[in-house]
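# no FASTA, just this:
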Ligand SMILES: [Zn+2]
């Protein structure tokens with residue numbers, strides 16, 4: 001999965017440029033582009049207090065600049081109730097119809113659709129942010145980020161799980177509450193990250209999920225006992 005921070009800034013520049021072409025005399029206070037984990041190629045635009053807010057599917061994050069420009073022309077035309085230039089529509093559509101893009105969208109829909117995972121930005125905790133902090137602290141920042149999300153239901157029995165076929169870590173929504181200390185959420189996420197790092201071992205018919213290496217690594221977690229104690233009282 002791509003990391004979108006830089007691409008959001010670049011997309012923001014494209015939107016600002018198209019905006020100035022369309023509305024040369026209208027001041028533009030700010031442009032904020034955010035890539036979201038939508039299941040398809042969606043995009044929305046709003047103008048609020050002179051600032052442009054754009055939300056688009058992260059599946060568009062890898063699109064070449066002319067495609068982002070076409071999308072900016074489409075969205076800004078709609079925003080200002082102007083006819084959408086046919087060439088922009090055409091360029092954008094052609095991109096979405098490209099074989100590799102379509103296959104990627106199919107895959108994303110399949111994975112995100114079937115998993116029923118909710119956005120990593122929860123009501124209280126952001127799993128992507130938390131993942132990167134733990135990644136830095138315990139894995140030298142070397143772990144590739146899996147699909148991260150909150151479960152739609154607040155399960156008490158399954159606080160988290162790692163799903164290898166989908167390469168997804170899902171945490172129970174029950175942890176995404178202000179009264180759940182961050183330490184406990186971090187521990188559950190860390191535990192699932194270890195499942196990614198130390199795959200289950202198969203000894204004949206026996207399947208060992210928490211291997212010796214896994215258990216050794218888990219001891220590295222700071223305030224491990226405190227975290228476990230919090231989870232017992234959830
Ligand atoms: Zn486990």
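Received the coordinates, thanks. Computed from a prediction, not measured in an experiment: that's the story for all the values here. Residues are numbered from 1 along each chain as shown.

# can you give me phi and psi for residue 82?
Dihedral pair for residue 82: phi -110, psi 160, per degrees, to the nearest 10.

# the chain: helices as residue ranges?
5-22, 65-79, 86-97, 99-115, 127-139, 182-197, 212-218, 224-232 (DSSP state H).

# quick check: residue 182 touching residue 122?
No: applying C-beta atoms under 8 Å, one finds residue 182 not in contact with residue 122, separated by 11.8 Å. Heads up, the C-betas are built off the backbone N, CA and C, glycines and all.

# so which of the two has more stuff around it?
Between residue 182 and residue 122, counted using other C-beta atoms under 10 Å, the more crowded position is residue 122 (18 against 12).

# wait, that one touches residue 150, no?
Yes: contact criterion C-beta under 8 Å: residue 122 and residue 150 qualify, at 5.1 Å.

# any regions of this protein where pLDDT drops low?
Applying pLDDT under 70 to the chain picks out residues 1-5, 39-41, 106-107, 109-115, 202-207.

# closest to the centroid, which residue in it?
residue 37 (5.3 Å; C-alpha atoms, centre = their mean).

# distance-wise, check that residue relative to residue 78.
Taking C-beta to C-beta, to the nearest Å as the measure, residue 37 falls 23 Å from residue 78.

# next up, the contacts around residue 37.
57-58, 112, 119-120, 149 (C-beta atoms under 8 Å, 6 or more residues apart in numbering).

# restricted to strands, list those.
Residues of those located in strands (DSSP state E): 57, 149.

# list buried residues within the contacts of residue 37.
Buried residues within these, counting neighbours by 16 or more other C-beta atoms under 10 Å: 57-58, 112, 120, 149.

# cool, thanks, talk later.
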